[in-house]
Every structure is written in C-alpha cells, then in structure tokens.
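Colleague: Turn this into a model:
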Amino acid sequence: MSLSWTSPRDDGGCRLDGYIVECREESGKWTRPEADAVSGTEYVVRGLKADASYEFRVAAKNKAGVGEFSGSSKSTKAGEQMDGTKPQILDKFKDLTILSPKEAVFECRVELGEPQAKVAASATTRRSTAVRST
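Modeller: Numbers count the residues shown, from 1 in each chain. This is a model prediction of the structure:
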C-alpha cells in the first residue's frame, strides 16, 4: 500500500533525519513495517494481508528523538500486492515562454515503469500545449 504525507511545519530547530511509519490492523497493536527511519514523505508498505483493513500513522525523527505521531489514517483495506516501479520523467523541462499562434509540442523521455503506465499531460492557457510519451 502506498503512503504519502507532508513534512511537519516545525522541525524543533533540528534537521529531520526521517520518519517512523507505524501500521496496525483495525484495533490491533501498532507495528513498524520498516525498522529504520524512512527518508522521504512517501513509503510503500509491503507484506500486508489482502482484504485486511489497516490504519497508519507517522512521526518525524531528528537527533532530539521521535516526535509525536500523527493521528491515525482512515482505515483502508489492503488489496492484492503488485510489485513494480512508478513512471518517471527522464528529461526535466526548463522554464520557457513561447508566443506562437500555432500549437506547441514538447517531448521528453519517460520511463513508463512496471507494469507500464499510460502517461499523458497537458496544460491549457490561451494556447494549448501537450506533452506526450515517446
């Protein structure tokens, strides 16, 4: 199951070393699926029982210790586990402005991940632009 959260507004004056993630089956005991601190604000919990419902909570960690845990998430039912990788843009776009009465097309290399994702993005202002995977 994929989790994401936002960083705390206050780090207590010390740089964050990571986050502690805990989960439990409904009304069960809190456990840590990862022994070490998670470095970012996203984490994939593996090894959950399919069709069981889980709650999650997160606490920030720095050299002063582990902060207060967030409130628990809404109970969520785990589905069938899928292994794979998420899609990512390999070529980063640079900021630019184009004034043209015609359509502008921007292309970049995209890793589609596994299983392969369908990737498309567009932005509309006064003129249309599109990004297509190739």
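Colleague: Give me the pLDDT value at the residue lying farthest from the centre of the chain.
Modeller: Centroid-distance maximum for the chain: Pro101 at 37.4 Å, with Cα atoms, centre = their mean. As predicted, Pro101 sits at a pLDDT of 78.
Colleague: Give me the secondary structure label for it.
Modeller: Secondary structure state of Pro101, per DSSP: H, G, I helix; E, B strand; the rest coil, is coil.
Colleague: And this structure, what are its domain boundaries?
Modeller: 2-77, 88-133 (automatic domain parsing).
Colleague: Give me the distance between the two termini of the first one.
Modeller: According to Cα to Cα, to the nearest Å, domain 2-77 extends 12 Å from its N-terminal end residue to its C-terminal end residue.
Colleague: ok, back up a step: report the separation between the residue farthest from the centre of the chain and Glu107.
Modeller: 21 Å (Cβ to Cβ, to the nearest Å). In this view, the C-beta of every residue, glycine as well, is placed from N, C-alpha and C.
Colleague: Before I go, just wanted to say thanks for your time.
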